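Predicted structure and sequence below. I'll ask about it afterward.
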Amino acid sequence: MPRRRSSLEVVGVAWLAGSVPFAQIAAKLTRSVDLREVGSGTVSGTSLYRVAGFGPLAVAGVLEVAKGAAGPALAGRDRPYLAALAGGAAVVGHNWSPFLAGAGGRGLSPAIGAVGVQDPTGAVVILAGLAAGRLVRQTGFVTLLATLGLVPVLTRRRGRQGTVAALAVLVPIVAKRVLGNAAPVRWSVAVVTHRLLFDRDPGSAGT
């Protein structure tokens with residue numbers, strides 16, 4: 001029987017897996033482009049698609065989702081709170097990757113993998129938000145609504161365990177939206193609000 005991993009090991013593996021920037025690796029290998037220097041500087045599937053197209057996005061996208069699932073899967077279904085913490089750790093690693101000097105993405109892809117292991121309904125909620133956001137050309141705003149919607153959806157399905165699982169990925173996603181990969185020229189309530197709602201600074205182009 002394989003050795004049961006400790007909580008520290010599970011969270012550490014989850015964070016490390018989440019930190020691997022597959023979108024950045026794909027952009028470098030296929031186009032020799034640093035995604036931190038393109039557009040908003042977000043290391044994400046959207047940025048990768050813009051510079052490299054669908055093929056690299058498809059491969060990197062699967063890996064980005066899978067890395068979020070690694071920690072919760074390692075925790076197992078009998079340790080739901082540890083699985084939730086591991087999912088959050090993967091999103092934190094993705095959003096502030098040590099391999100990118102603290103830069104990163106917004107955490108949606110690893111969040112899909114993380115909550116998908118714990119309850120596939122959560123993954124469907126995020127994916128639906130991404131699809132709807134693309135359709136109405138307001139990805140930032142609609143995905144915020146989707147990630148906020150994780151809390152009531154997973155709470156209804158799994159009770160307190162679902163609440164913790166949702167909040168574990170929601171908190172670092174919201175924090176990254178506000179903090180971004182770079183500070184604004186000047187912080188203000190308007191800047192914070194705009195970043196939170198639309199995932200960009202006022203006056204910048206949306207997705």
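Thanks, I have it.

Alpha carbons of the strand or helix carrying residue 111, in PDB - could you do that?
Taking DSSP states H and E as the criterion, residue 111 maps to helix 108-118. What follows is helix 108-118, C-alpha atoms only, in PDB (Å, rounded to 0.1, in the frame of the first residue of the first chain):
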ATOM      1  CA  LEU A 108      -9.100  30.100 -13.600                       C
ATOM      2  CA  SER A 109      -7.600  27.100 -15.300                       C
ATOM      3  CA  PRO A 110      -6.100  25.500 -12.100                       C
ATOM      4  CA  ALA A 111      -9.300  26.400 -10.300                       C
ATOM      5  CA  ILE A 112     -11.200  24.300 -12.800                       C
ATOM      6  CA  GLY A 113      -9.000  21.400 -12.100                       C
ATOM      7  CA  ALA A 114      -9.100  21.900  -8.300                       C
ATOM      8  CA  VAL A 115     -12.800  22.100  -7.900                       C
ATOM      9  CA  GLY A 116     -13.400  19.600 -10.600                       C
ATOM     10  CA  VAL A 117     -11.800  16.900  -8.500                       C
ATOM     11  CA  GLN A 118     -13.900  17.800  -5.500                       C
END
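
and the next element down the chain from it?
helix 120-136.

residue ranges for the helices of this protein, please.
7-19, 22-31, 45-52, 54-75, 80-95, 108-118, 120-136, 139-158, 160-179, 189-198 (DSSP state H).

want to try CSV for those, with distance to residue 102, mean pLDDT and mean neighbour count as columns?
To be clear about C-beta, it is placed using only N, CA and C from the backbone, and glycine gets the same treatment. Converted to CSV, those look like this (distance: least, C-beta to C-beta, whole Å; pLDDT from 0 to 100; neighbours: other C-beta atoms under 10 Å):
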stretch, distance to residue 102, mean pLDDT, mean neighbour count
helix 7-19, 11, 98, 20
helix 22-31, 13, 96, 20
helix 45-52, 17, 90, 21
helix 54-75, 18, 97, 21
helix 80-95, 9, 98, 27
helix 108-118, 16, 98, 29
helix 120-136, 24, 96, 17
helix 139-158, 21, 97, 19
helix 160-179, 10, 98, 20
helix 189-198, 17, 96, 15
